[in-house]
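Undergrad: Quick one: sequence and predicted model below, then my questions.
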Amino acid sequence: QVQLAESGGGLVQPGGSLRLSCAASGFTLDDYVIGWFRQAPGKEREGISCISAGDQATVAADSVRGRFTISRDTAKNMLYLQMDSLKPEDSANYYCAAAQTYISRCVFLGRVYWGQGTQVTVSS
(Lines give C-alpha, C1' and ligand atoms only; values in the text may rest on other atoms or scores of the structure.)
Protein backbone atom coordinates (compact mmCIF):
# COMPACT_ATOMS: atom_id res chain seq x y z
CA GLN A 1 0.00 0.00 0.00
CA VAL A 2 1.51 3.29 -1.14
CA GLN A 3 1.59 5.91 1.59
CA LEU A 4 3.11 9.38 1.80
CA ALA A 5 3.44 11.43 4.96
CA GLU A 6 4.61 15.05 4.94
CA SER A 7 6.11 16.92 7.86
CA GLY A 8 8.07 20.08 8.58
CA GLY A 9 5.52 22.79 7.87
CA GLY A 10 4.89 25.71 10.19
CA LEU A 11 4.95 29.45 10.63
CA VAL A 12 8.04 31.32 9.41
CA GLN A 13 8.88 34.95 8.87
CA PRO A 14 9.51 36.33 5.38
CA GLY A 15 13.06 35.60 4.32
CA GLY A 16 13.22 32.53 6.53
CA SER A 17 13.70 28.87 5.69
CA LEU A 18 11.88 25.60 6.19
CA ARG A 19 12.65 22.03 5.24
CA LEU A 20 9.76 19.78 4.36
CA SER A 21 10.06 16.01 4.53
CA CYS A 22 7.98 13.27 2.95
CA ALA A 23 8.21 9.70 4.18
CA ALA A 24 7.28 7.20 1.47
CA SER A 25 6.22 3.62 2.12
CA GLY A 26 4.81 0.78 0.04
CA PHE A 27 7.05 1.53 -2.92
CA THR A 28 10.62 2.53 -3.69
CA LEU A 29 11.69 5.91 -5.02
CA ASP A 30 13.70 4.15 -7.75
CA ASP A 31 10.42 3.11 -9.42
CA TYR A 32 8.37 6.30 -9.14
CA VAL A 33 8.52 9.98 -9.90
CA ILE A 34 7.92 11.90 -6.71
CA GLY A 35 7.42 15.58 -6.12
CA TRP A 36 6.04 18.53 -4.22
CA PHE A 37 2.86 20.42 -4.94
CA ARG A 38 1.09 23.22 -3.12
CA GLN A 39 -2.35 24.72 -2.93
CA ALA A 40 -3.31 28.05 -1.41
CA PRO A 41 -6.90 28.92 -0.49
CA GLY A 42 -8.88 29.86 -3.58
CA LYS A 43 -6.11 28.83 -5.94
CA GLU A 44 -5.44 25.78 -8.07
CA ARG A 45 -2.93 23.19 -7.01
CA GLU A 46 0.53 24.01 -8.35
CA GLY A 47 3.42 21.72 -9.11
CA ILE A 48 6.64 22.91 -7.48
CA SER A 49 9.35 20.41 -8.25
CA CYS A 50 9.78 16.70 -8.81
CA ILE A 51 12.46 14.02 -9.11
CA SER A 52 12.19 11.19 -11.61
CA ALA A 53 12.92 7.54 -10.91
CA GLY A 54 16.22 8.19 -12.68
CA ASP A 55 17.08 10.96 -10.18
CA GLN A 56 16.50 13.87 -12.55
CA ALA A 57 15.11 16.93 -10.81
CA THR A 58 12.68 19.28 -12.49
CA VAL A 59 11.53 22.68 -11.28
CA ALA A 60 7.93 23.19 -12.32
CA ALA A 61 7.21 26.57 -10.75
CA ASP A 62 9.28 29.51 -11.95
CA SER A 63 8.37 31.41 -8.79
CA VAL A 64 10.48 29.08 -6.63
CA ARG A 65 13.47 28.68 -8.93
CA GLY A 66 16.66 29.47 -7.06
CA ARG A 67 14.89 29.42 -3.68
CA PHE A 68 13.54 25.87 -3.31
CA THR A 69 15.61 22.72 -3.69
CA ILE A 70 14.20 19.21 -3.99
CA SER A 71 16.20 16.17 -2.95
CA ARG A 72 15.64 12.55 -2.08
CA ASP A 73 17.30 9.85 -0.02
CA THR A 74 16.57 6.51 -1.65
CA ALA A 75 18.12 4.57 1.23
CA LYS A 76 15.60 6.11 3.63
CA ASN A 77 12.79 6.40 1.05
CA MET A 78 12.49 10.08 1.88
CA LEU A 79 11.81 13.19 -0.18
CA TYR A 80 12.76 16.69 0.95
CA LEU A 81 12.07 20.26 -0.03
CA GLN A 82 14.46 22.91 1.24
CA MET A 83 12.72 26.26 1.07
CA ASP A 84 14.82 29.42 1.47
CA SER A 85 14.03 33.12 1.13
CA LEU A 86 10.39 32.40 1.81
CA LYS A 87 7.78 34.94 0.80
CA PRO A 88 4.21 35.46 2.01
CA GLU A 89 2.98 34.20 -1.35
CA ASP A 90 4.60 30.83 -0.60
CA SER A 91 1.98 30.27 2.09
CA ALA A 92 -0.02 27.16 1.16
CA ASN A 93 -0.69 23.57 2.02
CA TYR A 94 2.22 21.55 0.64
CA TYR A 95 1.70 18.03 -0.63
CA CYS A 96 3.97 15.19 -1.57
CA ALA A 97 2.82 13.02 -4.49
CA ALA A 98 4.08 10.01 -6.41
CA ALA A 99 3.25 8.38 -9.72
CA GLN A 100 4.86 6.03 -12.20
CA THR A 101 4.83 8.38 -15.17
CA TYR A 102 4.93 12.09 -15.79
CA ILE A 103 5.43 14.67 -18.47
CA SER A 104 7.19 18.00 -18.43
CA ARG A 105 6.84 20.44 -15.51
CA CYS A 106 5.86 17.66 -13.12
CA VAL A 107 2.47 16.77 -14.57
CA PHE A 108 1.90 13.30 -13.11
CA LEU A 109 -0.06 10.77 -15.19
CA GLY A 110 -2.17 7.75 -14.32
CA ARG A 111 -2.66 6.77 -10.70
CA VAL A 112 -1.28 9.51 -8.44
CA TYR A 113 -0.73 8.98 -4.74
CA TRP A 114 -0.98 11.96 -2.38
CA GLY A 115 0.01 12.69 1.18
CA GLN A 116 -2.23 14.53 3.60
CA GLY A 117 -0.30 17.80 3.30
CA THR A 118 1.56 20.11 5.65
CA GLN A 119 0.73 23.77 6.11
CA VAL A 120 3.33 26.46 5.48
CA THR A 121 2.57 30.01 6.56
CA VAL A 122 4.96 32.85 5.80
CA SER A 123 4.07 35.91 7.82
CA SER A 124 5.61 38.51 10.08
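TA: Here it is on my side, so go on.
Undergrad: Bridge partners for the residue nearest the centre of the chain, pull those for me.
TA: Per Cα atoms, centre = their mean, the C-alpha nearest to the average position across the chain is that of residue 36, at 1.7 Å. With DSSP bridges as the criterion, residue 36 is bridged to residue 49, residue 96.
Undergrad: so residue 11 sits right up against residue 124, yeah?
TA: No. The criterion here is Cβ atoms under 8 Å, and residue 11 misses it with residue 124 at 10.1 Å. (C-beta placed from N, C-alpha, C; glycine too.)
Undergrad: Neighbour count: those two, which is higher?
TA: residue 11 (12 against 8; other Cβ atoms under 10 Å).
Undergrad: Quick check: the gap between that one and residue 92.
TA: To residue 92, residue 11 is 13 Å away according to Cβ to Cβ, to the nearest Å.
Undergrad: how about low-confidence regions in this structure?
TA: Residues of the chain meeting the criterion pLDDT under 70: none.
Undergrad: quick one, strands of it?
TA: Using DSSP state E, the strands of the chain run over 3-7, 10-12, 18-25, 33-39, 46-51, 57-59, 68-73, 78-83, 92-99, 101-103, 107-109, 113-114, 118-122.
Undergrad: And for residue 115, nearest residue in space, chain neighbours not counted?
TA: Nearest residue to residue 115, sequence neighbours excluded (Cβ to Cβ, 6 or more residues apart in numbering): residue 4, at 3.6 Å.
Undergrad: again, but for residue 6
TA: residue 118 (4.1 Å).
Undergrad: mind listing what that neighbour touches?
TA: The neighbours of residue 118, taking Cβ atoms under 8 Å, 6 or more residues apart in numbering as the test, are 6, 7, 8, 9, 20, 93, 94.
Undergrad: What of residue 102?
TA: Per Cβ under 8 Å, 6+ apart, neighbours of residue 102: 33, 35, 50, 52, 108, 109.
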